[in-house]
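J.: Attaching a predicted model along with its sequence, questions to come.
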Number of protein chains: 2
Amino acid sequence: MAVTMQISDSTIDAIKEKARRLGIYSMMSTTAAGSGHPTSCLSCEQLMAGIFFYAMKFDPRHPNSPEGDRFVLSKGHAAPILYAALAEAGVFPLSRMMTLRQFSSEMEGHPTPRVPGVDAATGSLGQGLSVGAGLAIGAKLDSSPTRVYVLLGDGELAEGQVWEAAEFAGHYKLDNLTAIADINRLGQSEPTMYQYDLEVYRRKFESEGFDVQVIDGHDVPAVLAALDHAKSVKGRPQAIVARTIKGYGVSFVAGKEGWHGKPLSKDQLATALAEVGPVPPIPPDPGKSYARTDLPKPPDFPAPAPPDYKPGASVATREAYGNALKRLAVVNPYIVAMSGDVKNSTFSEIFGEAYPDRFFEAYIAEQNMVSVGVGLGARGRVPFVDTFACFLSRAFDQVRMAAISRSFIKLCGSHCGVSIGQDGPSQMALEDIAMFRAVNGSIVLYPSDAVSAERLTEVAARADCISYIRTSRPKTPIIYSTDEKFPIPGFKVVRRSDNDRVTVIGAGVTLFEALKAADQLKGQGIAIRVIDLYCVKPLDGKALAAEIKATGGRLVTVEDHYEEGGLGEAVVTALLDVGVAPSKSKRLAVHGMPHSGTPDELLDAFGLSAPHIVDAVKEIGS
Amino acid sequence: MAVTMQISDSTIDAIKEKARRLGIYSMMSTTAAGSGHPTSCLSCEQLMAGIFFYAMKFDPRHPNSPEGDRFVLSKGHAAPILYAALAEAGVFPLSRMMTLRQFSSEMEGHPTPRVPGVDAATGSLGQGLSVGAGLAIGAKLDSSPTRVYVLLGDGELAEGQVWEAAEFAGHYKLDNLTAIADINRLGQSEPTMYQYDLEVYRRKFESEGFDVQVIDGHDVPAVLAALDHAKSVKGRPQAIVARTIKGYGVSFVAGKEGWHGKPLSKDQLATALAEVGPVPPIPPDPGKSYARTDLPKPPDFPAPAPPDYKPGASVATREAYGNALKRLAVVNPYIVAMSGDVKNSTFSEIFGEAYPDRFFEAYIAEQNMVSVGVGLGARGRVPFVDTFACFLSRAFDQVRMAAISRSFIKLCGSHCGVSIGQDGPSQMALEDIAMFRAVNGSIVLYPSDAVSAERLTEVAARADCISYIRTSRPKTPIIYSTDEKFPIPGFKVVRRSDNDRVTVIGAGVTLFEALKAADQLKGQGIAIRVIDLYCVKPLDGKALAAEIKATGGRLVTVEDHYEEGGLGEAVVTALLDVGVAPSKSKRLAVHGMPHSGTPDELLDAFGLSAPHIVDAVKEIGS
């Protein structure tokens, strides 16, 4: 209570006025747009005013500077009040904020990093606390005094990821992270599960090691005192659980169901504004864009030590990934890594043991891991996160949001395909190429040997986009010299002759099946071209077309993945896009539901082994 | 304590002996397989013995019968001890259990419904409590006394989905659901976050409304007393949080790190068996399969009332989905539905208002929603679950596991593509076709008008496989008569003439852009064939090829989705698979990152509008 006493009346009045204005601008901008979520803004106007104009320290000219405090609007549909707060803070003019949701405006319906002050896109709920945890860890790595504030809605507190993030923040004692929960009782379609049972939320945050305060979110002195207290807490993250009213301050919407995501009509707006008091003048927008131009890029770094494998040795690409991380870490201090409690299978433990301060065990919580990575990347770190490739499907939405966030997060998925063997289908990634190809702006890397795995990990570290590295469980022979280059896009022609009848394209374990097939066919007088498609996205269609044309347009693709959205589809559409159709083609891929067995049994049973490639070549090549 | 007193010494001794045997069989089978997780089995041998041979009532001849109690092994890597328990119970011979992980055996490395007694696949962690909640709700719908037991590991308690499930179970007061948490302290790669802090788990389950008991998981009387108490609890789910030792009973592995997922060598096994006492004789396996043949199928039902729309009216396909559910519910009492707090946007509220007892609000927790649906389906209900299509990406892993579970769950995703407009990219599904095409055995339905939306919802209700229905936000004109049939696979030729120069394939909103383009081109003397590809998977490649050949092999596809893994890739690969390559083709799809704007602005800006189709036709058709 002592803290409350120190807040002056003039400060309280100033914050109340800020809150009032933020509410007004939220209503005005959504009415102008004809869509949006004004009532979700009104419930947090005092919270937002307190966070932005009392608690946070940041330079409005450089709102994304690593020195300043950060804010993440996890309840992204309240974007208008965030834009209003940024405008009130002087980041851009209020007139620009009023271009909300227009085609030509960076003031999007939900926050994206096109908006100055926004580090990561939100709008898919339940991800903001994870992003905030990533920003908070990043600040600690930088020894920065930066504090991170995350505003959450109560609807999204049903998302398990929020509690993954809370566990993570508690475990890593992120005392520079404050979660503010706007408990307005009403979801989109009905009241939330716990409605105004704030003590449930208290217990849940306390269970995760948070300092928790429960307050009236419209009581400005209480809000400011809670923010002061949060700053004073050492050794643990803080939660402010605030009871609020959806549509606060406007009599005909306050606390009423049926108003989620609905702007006021012009007449309703006039009535509302009459209720909440005078409206400051807002000039027309001159049309100048304020879109961010300072998005972080992965820092450049000198060449790492080359891979160190003996030709003919057999090393799993997953192990090479771990070796590469350690080698890259020597020359790139920004690299950090996380694993979902499988670091001894994905081999990021090699990095973690060498650089324990830059490795964060994420435990078995893939969604949080990916979004924490997005937060770390937004502070300029180069985050590598890993788990079994199949379990990255758990975080597809988070990867999708990473793309909207313009993140350059690196994801490594091990144990792809049926070639993992006995563990069975739940552990086999057979959809991951389809998933990562569909992510906007991504690159999809699929090394076959340890040298290419190391080099492609370096490619990922340099790439200014989401990068996926697909590694395999089995050991595979080293086929490249340690100074081989792997440009993006690109592929390697591993076997070539003037008499090649068919081009066979594989990657990972299937490349070695293709090479076995080439040997068998050679004995029968049939030459084939064998391509290692180490980069599945992007593809150089023209270069691929040249190879396929050289073999009479005859093409076999073979992949340890389902046929839909995989390597085969990628190749044939890349060819069609440059106007070249294969004359005859076969796509060998997994069909049906695999089960346990040895890797060789499964590769054969699901049509990917050398004999199947031989048959396919003979079928189309004769 | 009174309950404990009533358990006889002979019962306790019998359960101890069962536990000992389950541990022995787990070690023997994994050593025979050369892989697997024996130490994860040993930590729960007393828990499993208590659950299977004291608490549960089921007919071993019909272990999946809806009358019996159910068990879900959420920590699926402990599969051997589940198989051991089922064998000890007489479901199949012990000799069969010893074929663990063999290619020819249904005793897979992680549980799948090929194994009698298993309702849903596990092995991707954190999903079992949701499946159990679905089974428990299903039992309540059936007014069945069935109780559901779910065994969880502590590693997986880091998954947010577990707490989504716990919230759900608490909210719906599932007192026929008991969660047993095997807290053995050790994850795969290191100790868990909370190690032996059992009180944290107590607080977390209690926060969700569970009755919680904390016990020593190796103390058989305590285990049995806890199971008795759980049965006595009314009005809330129960959790038994059990402190255990990974590798219990075997001195050289008990409580030791570095033993996750490692079988004992033959010598180590001999030492271990000497420690745990006499081994019952196990005959050789005669090779007979015990794979389940009683998987539930969606029940047949009479024809529902036909759709009721006026030709020329405009109705959103998402609204038609809601109308269809209500119409189907009249003739199919097994249909149930859930929504992730968007039922007023996806329109399942039409069903929910008419059939409140068959509708379950899942709140904003998509992962749990999908896995609950899998549980409901495993009891023969026909579960329809919905949210915005983009948020189904949140549950990709759960959908993947649904496929491994041989579930026929129905998923409806609304608000696909850039045509949603102002809300921006976080709310736009642009990857969902790629995602659902890659799901094994799925069908992917994409209606363009309300009549087809209703008919395709009926198709989904009858389909014995995972069914995805992609609905759109904008209203679209009714183009089909209410008695039109929509076979699977199939498509409709909406415009056709003998002079068609190019085939244009669209679906959803792009079909109407294609029709506009056809009108414009007709004015310029160019005829095109327009196809409504209402079923994107499976495809009838031959039938499609016939249409494309009739237009000189010239093809334009247009889709409100990213190009990777979408409708265009599906079509061209289906053509190539029947040996027909398009002579000239263009795939119009979304490229780059969309942003806010009106639907029409965005369809035009991202190359999907009628003028772009006109240009594409002219480019390849001249």
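T.: Great, that's in hand.

J.: Least confident secondary structure element in chain A?
T.: helix A:2-6 (a mean of 56; mean pLDDT, DSSP states H and E).

J.: Can you give me every residue that contacts the residue of the stretch 101-250 of chain A found nearest chain B?
T.: Nearest to chain B, among the residues of the stretch 101-250 of chain A, is residue A:160, at 2.2 Å (CB to the nearest CB). Where you see a C-beta, it was placed from the backbone N, CA and C, and this is true even at glycine. By CB atoms under 8 Å, 6 or more residues apart in numbering or on different chains, the contact list for residue A:160 reads A:126, A:367, B:159, B:160, B:161, B:162, B:163, B:164, B:365, B:367, B:368.

J.: list the contacts for the last one?
T.: Which is residue B:368. Residue B:368 sits next to A:160, B:130, B:133, B:161, B:164, B:165, B:167, B:168, B:362 when contact means CB under 8 Å, 6+ apart.

J.: try 7 Å this time
T.: Neighbour list for residue B:368: B:130, B:161, B:164, B:165, B:168, B:362 [criterion: CB atoms under 7 Å, 6 or more residues apart in numbering or on different chains].

J.: before we move on, back to that, among the contacts of residue A:160, which lie within helices?
T.: Among those, the ones falling in helices (DSSP state H) are A:367, B:160, B:161, B:162, B:163, B:164, B:367, B:368.

J.: With pLDDT and distance to residue A:410 as extra columns, can I get those in CSV?
T.: What follows is those, written out as CSV (pLDDT from 0 to 100; distance: CB to CB, whole Å):
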residue, pLDDT, distance to residue A:410
A:367, 98, 17
B:160, 98, 23
B:161, 98, 25
B:162, 98, 28
B:163, 98, 28
B:164, 98, 28
B:367, 98, 24
B:368, 98, 29
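
J.: can you redo those as a markdown table with distance to residue B:322?
T.: Below are the ones in helices among the contacts of residue A:160 laid out as a markdown table (distance: CB to CB, whole Å):
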| residue | distance to residue B:322 |
| --- | --- |
| A:367 | 29 |
| B:160 | 29 |
| B:161 | 27 |
| B:162 | 31 |
| B:163 | 30 |
| B:164 | 24 |
| B:367 | 23 |
| B:368 | 22 |
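
J.: now these: which count as buried?
T.: A:367, B:160, B:161, B:162, B:163, B:164, B:367, B:368 (16 or more other CB atoms under 10 Å in any protein chain shown).

J.: Quick one: the helices in the stretch 401-550 of chain A, in order.
T.: Secondary structure of the stretch 401-550 of chain A by DSSP state H, counting those that start in this stretch: the helices cover A:432-437, A:450-462, A:509-523, A:541-550.

J.: Taking the centroid of chain A, which residue is nearest it?
T.: Closest to where the C-alpha atoms of chain A average out (CA atoms, centre = their mean) is residue A:402, at 2.9 Å.

J.: Test my guess that it contacts residue A:408.
T.: No. Checked against CB atoms under 7 Å, the pair residue A:402 and residue A:408 is beyond contact range at 8.9 Å.

J.: Can you work out which residues contact both of those two?
T.: residue A:466.

J.: quick one on the thing from earlier: and which of the buried ones among the ones in helices among the contacts of residue A:160 is nearest residue B:81?
T.: Distance to residue B:81, by CB to CB, is smallest for residue B:162 among these, at 20.2 Å.

J.: Please verify my assumption that that closest one contacts residue B:126.
T.: Yes. Counting by CB under 7 Å, residue B:126 is a contact partner of residue B:162 at 5.0 Å.

J.: Mind giving me the packing neighbours of the strand ranked longest in chain A?
T.: Using DSSP state E, we find that the single longest strand of chain A is strand A:554-562. Secondary-structure packing of strand A:554-562 (3 or more CB pairs under 7 Å, 6 or more residues apart in numbering or on different chains; DSSP states H and E): strand A:502-506, helix A:509-523, helix A:567-577, strand A:584-590, helix A:610-621.

J.: how about a cut-off of 8 Å?
T.: helix A:432-437, strand A:502-506, helix A:509-523, helix A:567-577, strand A:584-590, helix A:610-621 (3 or more CB pairs under 8 Å, 6 or more residues apart in numbering or on different chains; DSSP states H and E).

J.: got the residues of the stretch 451-600 of chain A near chain B?
T.: Taking CB under 8 Å from any CB of the partner chain, the part of the stretch 451-600 of chain A that reaches chain B is made up of A:537, A:562-566, A:568-570, A:572-573, A:576-577, A:579, A:581-585, A:587, A:592-593, A:595-598.

J.: now those residues: which count as buried?
T.: Buried members of those, scored by 16+ other CB under 10 Å, are A:537, A:562-566, A:568-570, A:572-573, A:576-577, A:581-582, A:584-585, A:587, A:593, A:595-598.

J.: what sits against residue A:306?
T.: By CB under 8 Å, 6+ apart, the contact set of residue A:306 is A:482, A:483.

J.: In three-state terms, how would it be classified?
T.: Classification of residue A:306 using DSSP: H, G, I helix; E, B strand; the rest coil returns coil.

J.: swap in the one 4 residues further on?
T.: Under three-state DSSP, residue A:310 falls in the coil class.

J.: if I look at it, how far off is residue A:322?
T.: Applying CB to CB, to the nearest Å, the value for residue A:310 to residue A:322 is 18 Å.

J.: what about these two, which has more around it?
T.: Set residue A:310 next to residue A:322 and count neighbours by other CB atoms under 10 Å in any protein chain shown: residue A:322 wins out with 30 against 8.

J.: Which residue is the nearest non-sequential neighbour of the more buried one?
T.: In space, residue A:322 comes closest to residue A:347 once its chain neighbours are excluded; the distance is 2.9 Å by CB to CB, 6 or more residues apart in numbering or on different chains.
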